[in-house]
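*Asks:* please work out how this folds:
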Amino acid sequence: MLGLGLPLTNIASILSGEIDLMSDLYCKAWVVFDGYAATLAAADSYNVSSITDNGTGSYAINFTTDMPSANYTPAVWAGCDVARNAAQLRLGSKFAATADPTASIFSFDVGNQFGSRADADYVAVAIFGG
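*Replies:* Modelled structure (predicted):
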């Protein structure tokens, strides 16, 4: 194993071009932001051009470079200050997505333990596949 956590044979395959680093195995976009802020801005990101605030607890991630298709897998985590009564922010069937994913935008909602949409202090999204 090398520093990348890949067997030496995989490193050789990458260097020879047999394995494409933009394959479905790698994160193609990610962003971290404060969803409670008055103006949404990425604290850090890769392949994300902007974040849209669609209302309380509703966000859209706009990609700099479109995904190859809308068939990607998003991984989303959201957390909030306990004092705001929204400590158990969650994504679920009710809040999973506000619209079908497209190659250029991923929209999603975040909800609290009371079943209402809620803004989150910390939101992280990673996109795989496509």
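*Asks:* give the bridge partners for residue 27, please.
*Replies:* Counting by DSSP bridges, residue 27 is bridged to residue 128.
*Asks:* who's in contact with it?
*Replies:* Counting by C-beta atoms under 8 Å, 6 or more residues apart in numbering, residue 27 touches 46, 126, 127, 128. Where you see a C-beta, it was placed from the backbone N, CA and C, and this is true even at glycine.
*Asks:* contact partners for the nearest residue to the third one once chain neighbours are set aside?
*Replies:* In space, not counting the residues next to it along the chain, residue 127 is nearest to residue 29; the distance is 4.3 Å by C-beta to C-beta, 6 or more residues apart in numbering. Contact partners of residue 29, counting by C-beta under 8 Å, 6+ apart, are 45, 46, 47, 48, 61, 63, 64, 67, 125, 126, 127.
*Asks:* okay, helices next: where are they in this structure?
*Replies:* Taking DSSP state H as the test, the helices found in the chain are 8-16.
*Asks:* what's the spacing between the residue nearest to residue 127 and residue 70?
*Replies:* Separation of residue 29 from residue 70 (C-beta to C-beta, to the nearest Å): 13 Å.
*Asks:* same question, residue 43
*Replies:* For residue 43, the distance to residue 70 - C-beta to C-beta - is 26 Å.
*Asks:* so for stretch 40-55, mean pLDDT?
*Replies:* The average of the pLDDT scores along stretch 40-55 is 95.
*Asks:* in that stretch, what's buried?
*Replies:* Judged by neighbour count using 16 or more other C-beta atoms under 10 Å, the buried positions of stretch 40-55 are 40, 42, 45, 47, 48, 51, 53.
*Asks:* just the CA trace of it, in PDB.
*Replies:* These are the backbone C-alpha positions of stretch 40-55, laid out as PDB (Å, rounded to 0.1, in the frame of the first residue of the first chain):
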ATOM      1  CA  LEU A  40     -24.900  31.200   1.800                       C
ATOM      2  CA  ALA A  41     -21.300  30.700   0.900                       C
ATOM      3  CA  ALA A  42     -19.000  27.700   0.800                       C
ATOM      4  CA  ALA A  43     -16.500  27.400   3.600                       C
ATOM      5  CA  ASP A  44     -14.700  25.000   1.200                       C
ATOM      6  CA  SER A  45     -15.700  23.100  -1.900                       C
ATOM      7  CA  TYR A  46     -14.700  21.300  -5.100                       C
ATOM      8  CA  ASN A  47     -16.600  21.600  -8.300                       C
ATOM      9  CA  VAL A  48     -19.400  23.700  -6.700                       C
ATOM     10  CA  SER A  49     -20.100  27.100  -8.300                       C
ATOM     11  CA  SER A  50     -22.700  28.300  -5.800                       C
ATOM     12  CA  ILE A  51     -25.300  27.300  -3.200                       C
ATOM     13  CA  THR A  52     -28.900  28.500  -3.500                       C
ATOM     14  CA  ASP A  53     -31.100  29.100  -0.500                       C
ATOM     15  CA  ASN A  54     -34.600  28.000  -1.500                       C
ATOM     16  CA  GLY A  55     -36.200  28.900   1.900                       C
END
